[in-house]
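**Q** Build me a model:
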Amino acid sequence: MAAGRKDSFFGYWFALRGWVEWVGGWGISRALFLSLLFIGLLSILSIFIPNLTSFLTGWLIGTAPVWLPIMLIFAAWGVWMSYIQNLWRSKLDTVLLEIKLPRDIMKSPRAMEIAITGFHITSGEITYIQRHWTGSTRPFFSFEFASFNGEVHMYVWVWEQYRTVVESQLYAQYPDIELYEVEDYASVYQFNPETHICFCTDHAYTPRSDAYPIKTYIDYELDKDPKEEFKIDPLAQVFEALSAMKQGESMWLQIVFWANARDKRRKKGAWLRWENRWENDVKDEVELIRRASATPWMDESGIERRGFPNPTWSQREQMQTMERNLGKLPFDVGIRGVYIADKKVFSGPALNSLRQIWRPFNNPGYLNQLRPTRGMNIFDYPWQDWKRIRWLRVTQRYFDAYRRRSYLTRPYVGPTQVMTPEILATIFHPPSRTIEAPGLARISATKAEAPANLPK
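**A** The predicted structure follows:
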């Protein structure tokens, strides 16, 4: 009997969930639907229970000494953390460094992977006082692509105190590049809703968890340093999309990241012990795949036994790729993009190129994908945004978040995914000469020391 009631409960639950998802698929707020459903149920109950309203009011007032202080504490804590972190951030000096590219870069993205490893810094929020009283955080960085009228630039945004760290890591692997401090293009740009149209989006892992990576330069065999004419760099599509911007169009890409250091989960079988979430999620996924690859068999006594693992090709690739990345330092990463254009030249294909700009790195079959999410992607139906009020509000929030490089800290905290230096280096590295996008400018001369035998 109890089992029947349990099945009935789950049946109602999944039916309700299905209705909620169906309503959400039509662009109607799920929260609004559930609120109206709750109010409707209360209205029906009030017909059969005349004193229901007074009873609920009295119950809320009577129990207020219990739930009200808890709500106020949580609200005050959120306000305090936002205030103290924003105050601490306001005192930081930041710098935007533009990467000037030489004509020839012979190194594979593995050099960038080694450089990014040096960005894994966890200092700044080790103690409780640092995190919750002074508001300090561990340093975060931003890799950025920006195209202005088809002219492509690469930037690194960094705290001033970590500028030498960034410069030393990049110069160590790419001695021919040049890093120049430049004015922050995002801060000086003035968006005018009367003359401009803007489309904003995030890019996030889907449909699998971040235990599954995307394609990396190793999958394209760039780690084997093939000859220039045989190199296939998926970043070429990104540069071509940026170079395709016309006069009056701009496209910006921002990759904000910091060391994955405080993402924990409760250890299985223990209440007060914690472990790194991503690391153990990867181990769990590998174990699930390994178990799924073992074909069960029946012994002589009729008992089912688990067979020896015999993974398929895709299962083997999944396990090898995840375990390879498991041996590297993890970063929390947030990715956003912005397309801005004059109303006269706004282009639907250019907008779509932003949404699908990371497609060359996707592996929908058995790994992961970077797909567009949030931002303007939620507006599919006209009733979702009356007179484009929400569109303008989202635009303003995205511009403010972009200027602040706020993705991992308040006031704009977004959903992130875990990436290793291998993955980050794949989606951001100085391109070799095989990438000849028309908007990508390079330094005409190569830096070199003077010969030692010059006459004095």
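**Q** What ranges does the stretch 251-400 of the chain have for its helices?
**A** Counting by DSSP state H, counting those that start in this stretch, the stretch 251-400 of the chain has helices at residues 277-292, 313-326, 348-355, 389-404.
**Q** Dump the ones you listed to CSV, plus mean pLDDT, distance to Phe257 and mean neighbour count.
**A** Using the backbone N, CA and C atoms, a C-beta is placed for each residue, glycine as well. Putting the helices of the stretch 251-400 of the chain into CSV (pLDDT from 0 to 100; distance: least, Cβ to Cβ, whole Å; neighbours: other Cβ atoms under 10 Å) gives the following:
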stretch, mean pLDDT, distance to Phe257, mean neighbour count
helix 277-292, 91, 14, 16
helix 313-326, 93, 15, 16
helix 348-355, 92, 20, 16
helix 389-404, 90, 15, 17
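**Q** what's the closest of the ones you listed to Gly439?
**A** With Cβ to Cβ as the criterion, Gly439 lies closest to helix 348-355 of the helices of the stretch 251-400 of the chain, at 13.4 Å.
**Q** Dump the C-alpha coordinates for that closest one into PDB.
**A** The C-alpha coordinates for helix 348-355 follow below in PDB (Å, rounded to 0.1, in the frame of the first residue of the first chain):
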ATOM      1  CA  GLY A 348      21.300  38.400 -38.300                       C
ATOM      2  CA  PRO A 349      24.100  36.200 -39.600                       C
ATOM      3  CA  ALA A 350      26.600  38.100 -37.600                       C
ATOM      4  CA  LEU A 351      24.500  37.600 -34.500                       C
ATOM      5  CA  ASN A 352      24.300  33.900 -35.200                       C
ATOM      6  CA  SER A 353      28.100  33.700 -35.700                       C
ATOM      7  CA  LEU A 354      28.500  35.000 -32.100                       C
ATOM      8  CA  ARG A 355      26.100  32.400 -30.800                       C
END
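**Q** Check which helices and strands that helix is in contact with.
**A** Here helix 348-355 touches strand 196-206, strand 249-259, strand 331-342, going by 3 or more Cβ pairs under 8 Å, 6 or more residues apart in numbering; DSSP states H and E.
**Q** in its sheet, what does the second one sit against?
**A** Within its sheet, and counting by DSSP bridges, strand 249-259 is paired with strand 140-148 (antiparallel), strand 331-342 (antiparallel).
**Q** quick revisit: possible to save the helices and strands packed on helix 348-355 as a markdown table with mean neighbour count and distance to Gly27?
**A** Formatted as a markdown table, the helices and strands packed on helix 348-355 follow (neighbours: other Cβ atoms under 10 Å; distance: least, Cβ to Cβ, whole Å):
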| stretch | mean neighbour count | distance to Gly27 |
| --- | --- | --- |
| strand 196-206 | 21 | 17 |
| strand 249-259 | 23 | 26 |
| strand 331-342 | 23 | 22 |
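**Q** Point out the one among those that comes closest to Ala441.
**A** Taking those one by one with Cβ to Cβ, strand 249-259 is closest: 16.1 Å.
**Q** related to what we said a few turns ago, nearest to Phe143, out of the helices and strands packed on helix 348-355?
**A** Closest approach to Phe143 among these (Cβ to Cβ): strand 249-259, 4.3 Å.
**Q** now that closest one, how far from the centre of its chain.
**A** Centroid displacement of strand 249-259 relative to its chain, using Cα atoms, centre = their mean, to the nearest Å, is 10 Å.
**Q** Let's see that strand as CSV, backbone CA atoms only.
**A** Extracted in CSV, the C-alpha atoms of strand 249-259 (Å, rounded to 0.1, in the frame of the first residue of the first chain):
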residue,chain,number,x,y,z
GLU,A,249,29.8,46.5,-36.1
SER,A,250,31.7,45.2,-33.1
MET,A,251,32.0,41.8,-31.5
TRP,A,252,33.6,41.2,-28.1
LEU,A,253,34.4,37.9,-26.4
GLN,A,254,35.4,37.6,-22.8
ILE,A,255,36.8,34.6,-20.9
VAL,A,256,37.0,35.3,-17.2
PHE,A,257,38.7,32.7,-15.0
TRP,A,258,40.4,32.0,-11.7
ALA,A,259,41.8,29.0,-9.9
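**Q** quick check: angle from that strand to helix 389-404?
**A** Orientation check (axes from the mean of the first three to the mean of the last three Cα atoms, to 10 degrees): strand 249-259 against helix 389-404 gives 60 degrees.
**Q** just to revisit the earlier point, out of the strands paired with strand 249-259, the one nearest Arg30 is which?
**A** Using Cβ to Cβ, the strands paired with strand 249-259 put strand 331-342 closest to Arg30, at 23.6 Å.
**Q** how far off helix 348-355 does that closest one point, in degrees?
**A** 170 degrees.
**Q** Give me the mean pLDDT for the helix or strand hosting Gly78.
**A** Here Gly78, judged by DSSP states H and E, is contained in helix 52-90. Mean pLDDT, computed over helix 52-90, is 90.
**Q** Please pull up the helix or strand immediately following it.
**A** Toward the C-terminus, helix 52-90 is succeeded by strand 94-102 as the next helix or strand (DSSP H and E).
**Q** just the angle between that next one and strand 140-148, please?
**A** Using the same axes, to 10 degrees: strand 94-102 against strand 140-148 is 60 degrees.
**Q** Which other helices and strands does strand 94-102 contact?
**A** strand 151-159, helix 163-173, strand 178-182, strand 442-443.
**Q** buried sites along the longest one?
**A** Pointing back at helix 163-173 there. 163, 165-166, 169-170, 173 (16 or more other Cβ atoms under 10 Å).
**Q** how about these in TSV, adding distance to Val238 and pLDDT?
**A** Converted to TSV, those look like this (distance: Cβ to Cβ, whole Å; pLDDT from 0 to 100):
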residue	distance to Val238	pLDDT
Arg163	26	96
Val165	26	95
Val166	21	96
Gln169	22	96
Leu170	19	96
Gln173	20	95
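**Q** quick one: which two of the residues you listed are the most distant?
**A** Put simply, by Cβ to Cβ the two of the buried residues of helix 163-173 set farthest apart are Arg163 and Gln173, 16.8 Å from each other.
**Q** wait, doesn't Asp380 sit right on Gly27?
**A** Yes. Applying Cβ atoms under 8 Å as the test, Asp380 and Gly27 come out as touching, 5.3 Å apart.
**Q** Name the residues of the helix holding Gly78 that are buried.
**A** Quick answer for helix 52-90 (16+ other Cβ under 10 Å): 84-85, 88-89.
**Q** sorry, back to before: mind checking which of the helices of the stretch 251-400 of the chain is nearest Pro226?
**A** helix 313-326 (19.9 Å).
**Q** helices and strands of the protein: which one has the lowest mean pLDDT?
**A** Counting by mean pLDDT, DSSP states H and E, the weakest-scoring helix or strand in the chain turns out to be helix 2-25, with a mean of 65.
**Q** could you point out which element follows that helix?
**A** helix 30-48.
**Q** Can you list the buried residues in that next one?
**A** Phe33.
**Q** For the most centrally placed residue in the chain, name its beta-bridge partners.
**A** Most central in the chain under Cα atoms, centre = their mean is Gly334, positioned 2.7 Å from the mean C-alpha point. Residues in a beta bridge with Gly334, per DSSP bridges, are Val256.
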